[in-house]
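>>> need a structure here:
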Amino acid sequence: MTETFHLIRRSRTEVDAVWGLIRSGTITLAAIENRELSQINNLMNRYKDRPMDFADATMVHLAERESIQVVFTVDQNDFATYRIGGRRRFQIIPVERP
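Have a look, this model is predicted:
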């Protein structure tokens with residue numbers, strides 16, 4: 001959602017549409033518990049050479065926790081580097097065109 005709102009921030013119509021989508025229940029926002037913060041911090045440390053920000057670390061953590069392999073991001077380079085569970089690659093959408 002952070003990526004989405006960043007991309008559409010200048011369009012009130014699109015912002016309202018995304019809020020409508022969230023409120024409709026079509027998208028479920030996942031909660032992060034305080035006990036999970038150390039795992040997120042560990043991811044940021046593992047990828048400190050990128051560097052990995054909190055939003056990316058949260059997405060990677062949630063992907064691991066929820067067994068999600070597909071990620072929507074404009075951050076193609078970083079998510080091509082990140083691994084789910086340290087091994088599996090993400091399927092990134094939209095697909096980057098050469």
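>>> only C-alpha atoms for contact and neighbour calcs from this point on.
OK.
>>> what's the distance between the residue nearest to the spatial centre of the chain and Val71?
Within the chain, one residue has its C-alpha closest to the average C-alpha position: by Cα atoms, centre = their mean, that is Met59, at 3.4 Å. The span separating Met59 from Val71 equals 8 Å under the rule Cα to Cα, to the nearest Å.
>>> do the same with Arg50
Distance of Arg50 to Val71, given as Cα to Cα: 18 Å.
>>> higher neighbour count, those two?
Residue environment comparison for Arg50 versus Val71 gives the larger neighbour count to Val71, 16 against 13, counting by other Cα atoms under 10 Å.
>>> Quickly note the distance from the residue nearest to the centre of the chain to Val15.
When Cα to Cα is the yardstick, Met59 and Val15 sit 21 Å from each other.
>>> Likewise for Val70?
Counting by Cα to Cα, the gap from Val70 to Val15 is 23 Å.
>>> quick one: which of these two has more around it?
Between Val70 and Val15, counted using other Cα under 10 Å, Val15 has the larger neighbour count: 17 against 12.
>>> Would you mark the buried spots in the helix or strand hosting the more buried one?
Element membership of Val15, judged by DSSP states H and E, is helix 12-24. Across helix 12-24, burial judged by 16 or more other Cα atoms under 10 Å covers 15, 18.
>>> what's near enough to touch the residue lying closest to Ala63 once chain neighbours are set aside?
If you skip the residues right next to it in sequence, Ala63 has Gln69 as its closest partner in space, 6.3 Å away by Cα to Cα, 6 or more residues apart in numbering. Contacts were defined as Cα atoms under 8 Å, 6 or more residues apart in numbering; by that measure Gln69 touches 63, 84, 89-91.
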